[in-house]
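>>> Prediction below, plus the sequence it came from.
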Amino acid sequence: MTTEQAMGNNAPDNKSMTHDPMNHDSMNNRLTDGCVTNDNAIAHNTINHSAINYSTLNHSTVNNSTVNTDSIDDELPDGQFTNSHCSINQLRWQRFKNNRRGYFSLWLFMIFFMLSLAADFIANDRPIFIKYQDNYYSPIFHFYPETEFGGQFETQTNFLDPVVQAKIEANGWILWAPFRYSYNMLIYNTDQTFPTAPSATHWLGTTDAGFDVLANILYGFRISMFFAILLTLLTSIIGVTIGAIQGYYGGKVDLLGQRFIEIWSGLPELFVIILLASILPLNFWWLLAITVLFGWMSLVAVVRAEFLRTRNFDYIRAAKAMGVSNMKIMFRHMLPNAMVATLTFLPFILCGAITTLTSLDFLGFGLPLDSPSLGRLLLQGKNNLQAPWLGISSFVIIATLLSLLIFIGEAVRDAFDPNKGAYR
């Protein structure tokens, strides 16, 4: 037996020293738990432990990559990967989730918002669904005359009338909302003077006009969120566009734009609204249009600064030299850089929009009197100090809403901060 044969009998099998052969391209494209692994960082649970002699090998060569198994155990727990193997959006989402206060605030805000969207199915003086004489009706979406249910008049059916309820239940059934009161339903079957204290029927009491407070909070929350979302969306579009034009072209365009913003921002928004309210009746859309005219300037400075910074980058100059249009350079190549700073401001702009509507309603220059409003509930609390549940309930709702949005904004700011680590 030769020396080579003798050594061959005791030599370790090469297959046992390394894990199964794998193409480098396939390893680079492997997705695990939302992050991409490569041949320089392999999760501890992907190594064939039975094939590595830990007593003799401190560094195991796996597919031409050196893997320190001890450092992997310390730095890469099961199911986690280093930051370098995740996309930038995955890292941002991880940083957002690591801010527990902002992450749970987002869930609470979404729950409250979904409940407000379903306000018609939670608090309503009209049934959700009715079966009467083998016919089906949805009074929550349509209006039906009383004659449709055996009445004598062509007027709108009052489903809270015991006589109407008895006729319907004798020939079918009624599916009611959990609270049989809407925001505009006048409560007349009470022997107490308004505002009444909270009770089993009215959980948060009634206003001095005889309306249910809980129903007004549900519907007022919804209309406040719709107003704030539309205002934030429209002002952001206008502000980003004007800021992009100023920052990209610069020169006289930027100079004229800044002078116009200085003059326009000096106009008193509240006085303009008061003057318009004395001329024409303000509604939701008129109020939204006026606030958009004075609220679009909040993002102009941020976007303008980002465009002024990036317009001299080499890739922008190369795009201009290649003949790419200005609009394409602005909104395809430069805008993504500006949106990082813009997105961090959106939750705070949303807070400002809610505060604006609440303040106008409190002063009496907001939504019409027949609209549900959180600001008007605050006014009710101020005018009825003997009924503290009015002011307390509206204050708690507004303070909670604004606090949740502030916490979400802080988490978004941390998510877009590259100095924040993905794992804590």
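Perfect, thanks for sending it. Residues are numbered from 1 along each chain as shown.
>>> burial measure for Phe271, as a count.
9 (other Cβ atoms under 10 Å). In short, each C-beta sits where N, CA and C put it, glycine included.
>>> how many other residues sit next to the residue nearest to Leu230 when sequence neighbours are not counted?
Once flanking residues are discounted, Leu230 sits nearest to Leu288: 6.0 Å by Cβ to Cβ, 6 or more residues apart in numbering. Neighbour count of Leu288, defined by other Cβ under 10 Å: 18.
>>> Centre of the chain to the lengthiest helix in the chain, how far?
In the chain, with assignment by DSSP state H, the single longest helix is helix 213-249. On the basis of Cα atoms, centre = their mean, to the nearest Å, helix 213-249 sits 12 Å off its chain's mean C-alpha point.
>>> I'd assumed the residue nearest to Leu230 was in a helix, is it?
Yes. The assignment for Leu288 (DSSP: H, G, I helix; E, B strand; the rest coil) places it in a helix.
>>> I'd say it and Ile229 touch.
No. Contact criterion Cβ atoms under 8 Å: Leu288 and Ile229 do not qualify, at 10.7 Å.
>>> which residues of the stretch 151-300 of the chain fall in strands?
In the stretch 151-300 of the chain, the strands defined using DSSP state E, counting those that start in this stretch lie at 172-175.
>>> what bits of the stretch 1-150 of the chain have low per-residue confidence?
Scanning the stretch 1-150 of the chain for pLDDT under 70 picks out the ranges 1-85.
>>> So what touches the strand or helix carrying Phe112?
Assigned by DSSP states H and E, Phe112 belongs to helix 100-117. Contacts with helix 100-117, where a contact means Cβ atoms under 8 Å, 6 or more residues apart in numbering, come from 96-97, 122, 218-219, 221-222, 225, 401, 403-405, 407-412, 414.
>>> Narrow those residues to those in helices?
Secondary structure from DSSP H places 96-97, 122, 218-219, 221-222, 225, 401, 403-405, 407-412, 414 of these in helices.
>>> so for stretch 237-253, what's the average pLDDT?
When pLDDT is averaged over stretch 237-253, the result is 93.
>>> Stretch 266-284 too?
On average, the pLDDT along stretch 266-284 is 84.
>>> Now do that stretch: distance from first to last residue.
25 Å (Cα to Cα, to the nearest Å).
>>> mind listing what's buried in it?
For stretch 266-284, burial by neighbour count (16 or more other Cβ atoms under 10 Å) applies to 273, 276-277, 282, 284.
>>> Make TSV from those residues and add distance to Val213 to it.
Shown next, in TSV, are these (distance: Cβ to Cβ, whole Å):
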residue	distance to Val213
Ile273	27
Leu276	30
Ala277	26
Leu282	24
Phe284	22
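>>> Restricted to helices, list those residues.
Short answer: the buried residues of stretch 266-284 in helices (DSSP H) are 273, 276-277, 284.
>>> circling back to that earlier point, so which of the buried residues of stretch 266-284 comes closest to Phe307?
Closest approach between these and Phe307, by Cβ to Cβ: Ile273, at 32.1 Å.
>>> pretty sure that closest one is touching Leu360, no?
Yes. Judged on Cβ under 8 Å, Ile273 makes contact with Leu360 at a distance of 6.8 Å.
>>> Quick check: neighbours shared by the two?
Here Ile273 and Leu360 have Leu287 as joint contacts, going by Cβ under 8 Å, 6+ apart.
>>> and Thr355, how many neighbours does it have?
Neighbours of Thr355 (other Cβ under 10 Å): 15.
>>> so what's it scoring on pLDDT?
Confidence at Thr355, expressed as pLDDT, is 92.
>>> Phi and psi next, for it.
Note on Thr355: backbone dihedrals following degrees, to the nearest 10 are phi -60, psi -40.
>>> wait, doesn't it sit right on Leu402?
Yes. When contacts are counted by Cβ under 8 Å, Thr355 is listed as touching Leu402 (7.2 Å).
>>> which ones are touching Leu175?
By Cβ under 8 Å, 6+ apart, the residues touching Leu175 are 127-130.
>>> Among those residues, which are located in helices?
Counting by DSSP H, the contacts of Leu175 place none of their members in helices.
>>> Tell me the one among these nearest to Gly251.
Ile128 (61.2 Å).
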